[in-house]
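In: coords please:
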Amino acid sequence: MELGPGEPAAGPWRVEPIAVFARALADRAGTPHGRPRLIAVDGRGGSGKTALAGRLGRVLEAAVVHSDHVAWGHSRFGWDDLMADGVLAPLRAGRPVHYRPPGWDRDAPPGRDGPDSHLDVVPGETVIVEGVGAGRRSLAGLVDVVVWVQSDLRAARRRGLRRDLAEGRPADDLARNWDEWEAEEVPFLLGDRPWERADFVVGTDAVPHDAETEVVVATNPRAGSAG
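Out: Residues are numbered from 1 along each chain as shown. Here you go, the predicted structure:
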C-alpha cells in the first residue's frame, strides 16, 4: 500500500469476522460506570471508516456520530472543541446528546435545515464517533478505544470521488474539492499522528477479504506511546 506521509505500515494482519472484532473493541473499552463505551474510528478521507463504523454500529447496536455533521459549515478539521463539549461531554456524563453545531445556523446539512434541528444521540451501551480526526490528541482521552483505518492513498481517493459523485456533488468540482481537502488533511494528520494512539489498526486495502462480513486488523504496538 502507498501510505500517507509519516504513517508507518501496520501488521501483521489477520482477518476476523466483524462480530469478533466488535467484541474485541467492547472488551478493550470495558464497561464504564454510568455511561456508554466510546469508540473512535479515525482514518483518511475515503479510507472506509464510515462504512466500518456503520457495520460495527449494527453489530454492537451502537449509535454512530459522524464528525462531518459536527463540523458542517464550521471547519474541516478545527471542530474538536465542538465534539468535546457538544457530544462527548454529555455522553461521558451519561446524558443524551441534544446539540446544534454552530455551523448549522449558516449552512445546515441536508435534512437538518430547520431552526429546531439538532444532533441527537440516545446513548445505549456503546457510541461510535467516526471521522478524520476522531482519534486526535485532543479527543483521545475522552474516548475508550481508538481505531485507525489504514488505506492505500490512491484507492482512498478513488473511493472518495465515487462517494462524492454518488451523493450528487457536481462532477466538475470533484477532483478540485478532493485536492483542497487533501491539502488540509495531510498536514493535519502528519502533525497529530492519530495512528500512534490507535488500539487497533484496520487495513481496508491490506489483504483480500469480504468487507461486508470480515475486517483485516492488526493490534497496534505503538498504542499509548503518543500523548
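In: Go through stretch 177-186 and flag the buried ones.
Out: The neighbour-count check on stretch 177-186 (16 or more other CB atoms under 10 Å) flags Trp178, Trp181, Glu182, Glu185 as buried. C-beta here means a position set from N, CA and C on the backbone, and glycine is covered the same way.
In: Could you single out the nearest of the residues you listed to Pro90?
Out: For the buried residues of stretch 177-186, the residue nearest Pro90 by CB to CB is Glu185; the value is 28.1 Å.
In: Compute the first-to-last residue distance for stretch 191-207.
Out: Counting by CA to CA, to the nearest Å, you get 28 Å between the two ends of stretch 191-207.
In: Offset the numbering so it begins at 2, please.
Out: Right, with 2 as the first residue, what we last looked at is stretch 192-208.
In: can you pull the buried residues of that stretch?
Out: Applying 16+ other CB under 10 Å to stretch 192-208 flags 193-207 as buried.
In: Could you tell me which of these are located in helices?
Out: Of these, the ones assigned to helices by DSSP state H are Asp193.
In: who are the neighbours in contact with Val21?
Out: Val21 makes no contacts at all, as judged by CB atoms under 8 Å, 6 or more residues apart in numbering.
In: tell me the SS of it?
Out: helix (DSSP: H, G, I helix; E, B strand; the rest coil).
In: how close does it get to Asp173?
Out: The gap separating Val21 from Asp173 is 44 Å, by CB to CB, to the nearest Å.
In: Low-confidence regions, this structure specifically.
Out: 222-228 (pLDDT under 70).
In: rerun that using 80 as the cut-off
Out: Scanning the chain for pLDDT under 80 picks out 109, 112-115, 165, 168-173, 221-228.
In: Can you show me the helices along it?
Out: Under DSSP H, the chain gives helices at 19-30, 50-61, 68-72, 81-83, 90-93, 138-141, 154-167, 175-193.
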